[in-house]
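K.L.:
here is my input; please provide its structure:
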Amino acid sequence: MCVNLSLMLMLLFLSGAVCSERKVTYQQHICAVKGSSVVIPCSFYYPENLQVKKVMWGHEKSNIFDGPFIFESEMNETASRFQYIGDKEHNCSFKIHDVEKNDAGKYAFRFMTNDKSSYTGTAGSTLKVIDLNVSMMRPNDNRVTKEGDSVNLTCINGCDSDHLSSAFTWFKNGEPKNEGPVLYLSNMNPTDSGNYSCSLKTHTGTASRVININVEYAPKNTSVSGRPLMEVEAGTNITLICSSHANPPVDYTWFKIDESHVLDVGHQPELFTADGGQYFCIATNKHGRQYSSVVTVKIKERWPSFNRDVLIITLSVAVLLIVIAAVAVMKLKTRPRAEETNCEEDSEDADYVNMPDFCTKQSQQRSQGEAATGSSRQTPTMMRKV
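P.N.:
Just a heads-up that it's a prediction; the model follows:
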C-alpha cells in the first residue's frame, strides 16, 4: 500500500514537472539562396498558467540571452528584413527577407512570461547561405566555343538535394531568356555570345554568378574600300582599307598584282599608296582566312594649271577668229555689184534707142557745166536705130 502510494506521488510529481516545462523546438539546419527569403520554423512551450508577454530572436553574432536582438516584439521595425510570423501562443517561426551572406549562423528564440521570467532555446537553428551556381558543358570539354558548337548550361541550387526540382529563370545580358534548370544552346553563332546567369523563378534577386560565352569564328565579309576614291589624279595618295568580321581579331596582309607577279605590300588594316594597279587583302585568324575581291586603283594624268589655262585661252581666241573670218566672207559673197552708169557708146555700129531719163538728165548736167566754163559743145541726142 505504501509502495503504491509512493508510486502515485512520483507520477504526480513528474506530471507537474512536464506541465511546467519550458522549451523551444527548431529545425536545426536551414539553407537559403542569397537574395531569397527564408523561414526558420519554430515552436515553444511554457506552463499553461502563464502568459507570454514578449518574444525575441537573437543571432550568434550578438548575445542570444541579453541582446542586442535582431527582433523584439515591443520594437516597431516595419522596415526591417527580419519578420516574426509566429504568435505568443506556441508558434515562434521567423522569416528573413533578401538573405545576405552575413545572415548565416545560429539563431535562437527567447520569450518572457508574465511572471517576469525568461527562457531561451539554446539549441537554436543554423542558417547556411549559398549562391546559385552555373555549370557549363562543352563538346569534348573544349575550352573554346566555336561557331556551330552546342553548349548546355545547368543552374545548381546547393540547397536542393537533386539540384533540378527548383524553378529557375535564365538571363542573357540581364534580360530574361528561358526557364528551366538547363539552358540548351545548339548550333551557336556569334549572336549567342554574351553573359548568362540564372535565378530562382520566385526570387529574381538570387542571380547566380555570370558565365561569359564568347563564340569564336573565322573571318567573314572581308572587303576593301578606298578613301577618297578608287580613281585619283597623279600625285594624290589613296588609302585602301581592309575590313573583316571575325573572332578573335584578324591579321591583315595586302597584295598588289603586278603583271604576272603578286607582291606582298603591307600588313596593316590600311594601305597608303599613290600607285595605280590591282590590290586585294587577306584576313586571317586561328580559325581560317578569307580573301577580299580585287580592286583597281586608277591614276588620272594631271596637266599643270598654267599650261591648261593658256591652252584654253588660245583655243578660245582661235575659235573666235575663225567665226569672225567666216562672217566676213559670207558678207562679201552676198554684197551686190555697182551698176555701170556711162550712157555714151563709142561704137559707131551701135543701134540706138531712146535711153532712160536718167541718161538725159546726166547729159544736160554735163552741157550746163561746159557752158559755164566757156566751151561750146553740143551734145546730140543719142538715139539707137532699131
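
K.L.:
every contact and neighbour count from this point should use C-alpha atoms.
P.N.:
Fine.

K.L.:
give me the mean pLDDT for the host helix or strand of residue 256.
P.N.:
Using DSSP states H and E, residue 256 sits within strand 251-258. Averaged across strand 251-258, pLDDT comes to 94.

K.L.:
could you export the helix or strand following it as PDB, CA atoms only?
P.N.:
As assigned by DSSP H and E, the chain's next helix or strand after strand 251-258 is strand 261-266. Output in PDB follows, covering the C-alpha atoms of strand 261-266 (Å, rounded to 0.1, in the frame of the first residue of the first chain):
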ATOM      1  CA  HIS A 261      53.500  38.600-110.000                       C
ATOM      2  CA  VAL A 262      51.700  39.100-106.700                       C
ATOM      3  CA  LEU A 263      53.600  41.300-104.400                       C
ATOM      4  CA  ASP A 264      53.200  41.500-100.600                       C
ATOM      5  CA  VAL A 265      52.900  45.200 -99.900                       C
ATOM      6  CA  GLY A 266      51.500  45.600 -96.300                       C
END
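
K.L.:
now residue 119: how far from residue 149?
P.N.:
62 Å (Cα to Cα, to the nearest Å).

K.L.:
can you list contacts of the strand holding residue 256?
P.N.:
With Cα atoms under 8 Å, 6 or more residues apart in numbering as the test, strand 251-258 has contacts from 242, 262-269, 271, 277-285.

K.L.:
any idea how many residues pack against residue 205?
P.N.:
Look at residue 205: counted by other Cα atoms under 10 Å, it has 16 neighbours.

K.L.:
same thing with residue 112?
P.N.:
18.

K.L.:
ditto for the one 4 residues further on
P.N.:
The local packing count at residue 116 equals 9, with neighbours defined by other Cα under 10 Å.

K.L.:
ok, now residue 214?
P.N.:
With other Cα under 10 Å as criterion, residue 214 counts 19.

K.L.:
hmm, residue 145 and it touching each other?
P.N.:
Yes: between residue 214 and residue 145 there is a contact under Cα atoms under 8 Å: 6.5 Å.

K.L.:
would you map the strands across the stretch 51-200 of the chain?
P.N.:
52-59, 71-72, 82-84, 94-96, 105-113, 118-120, 125-130, 133-137, 145-146, 151-156, 168-172, 175-179, 182-185, 194-200 (DSSP state E, counting those that start in this stretch).

K.L.:
tell me which of those strands sits nearest to residue 23.
P.N.:
Among the strands of the stretch 51-200 of the chain, strand 118-120 comes nearest to residue 23, with 7.8 Å by Cα to Cα.

K.L.:
tell me the angle of the strand holding residue 256 relative to strand 261-266?
P.N.:
Relative orientation of strand 251-258 versus strand 261-266 (axes from the mean of the first three to the mean of the last three Cα atoms, to 10 degrees): 140 degrees.

K.L.:
check the offset of strand 251-258 from the chain's centre.
P.N.:
30 Å (Cα atoms, centre = their mean, to the nearest Å).

K.L.:
again with stretch 221-237
P.N.:
Counting by Cα atoms, centre = their mean, stretch 221-237 comes out at 27 Å from the chain centroid.

K.L.:
determine the longest strand present in this structure.
P.N.:
For the chain, the longest strand by residue count, based on DSSP state E, is strand 215-227.

K.L.:
partners of it in the sheet?
P.N.:
Within its sheet, strand 215-227 is paired with strand 145-146 (parallel), strand 238-247 (antiparallel), according to DSSP bridges.

K.L.:
quick one: mean pLDDT for it?
P.N.:
On average, strand 215-227 scores 93.

K.L.:
who does the next helix or strand along the chain from that strand touch, helix- and strand-wise?
P.N.:
Following strand 215-227 in sequence order, the next helix or strand is strand 231-233 (DSSP H and E). Where contact means 3 or more Cα pairs under 8 Å, 6 or more residues apart in numbering; DSSP states H and E, strand 231-233 is packed against strand 295-300.

K.L.:
can you give me the offset of the strand it packs on from its chain's centre?
P.N.:
With Cα atoms, centre = their mean, you get 34 Å for strand 295-300.

K.L.:
repeat for stretch 120-138
P.N.:
Using Cα atoms, centre = their mean, the offset of stretch 120-138 from its chain centre is 40 Å.

K.L.:
now stretch 313-326
P.N.:
Distance, centroid of stretch 313-326 to centroid of chain: 63 Å (Cα atoms, centre = their mean).

K.L.:
ok, and what's touching it?
P.N.:
Nothing outside stretch 313-326 qualifies as a contact, by Cα under 8 Å, 6+ apart.

K.L.:
could you export it as PDB, CA atoms only?
P.N.:
What follows is stretch 313-326, C-alpha atoms only, in PDB (Å, rounded to 0.1, in the frame of the first residue of the first chain):
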ATOM      1  CA  ILE A 313      42.600  80.800-123.900                       C
ATOM      2  CA  THR A 314      44.400  80.000-127.100                       C
ATOM      3  CA  LEU A 315      41.600  77.700-128.300                       C
ATOM      4  CA  SER A 316      39.000  80.300-127.400                       C
ATOM      5  CA  VAL A 317      40.800  83.000-129.400                       C
ATOM      6  CA  ALA A 318      41.300  80.700-132.400                       C
ATOM      7  CA  VAL A 319      37.600  79.800-132.500                       C
ATOM      8  CA  LEU A 320      36.600  83.500-132.200                       C
ATOM      9  CA  LEU A 321      38.900  84.400-135.200                       C
ATOM     10  CA  ILE A 322      37.500  81.600-137.300                       C
ATOM     11  CA  VAL A 323      34.000  82.800-136.600                       C
ATOM     12  CA  ILE A 324      34.800  86.400-137.500                       C
ATOM     13  CA  ALA A 325      36.500  85.400-140.700                       C
ATOM     14  CA  ALA A 326      33.600  83.200-141.800                       C
END
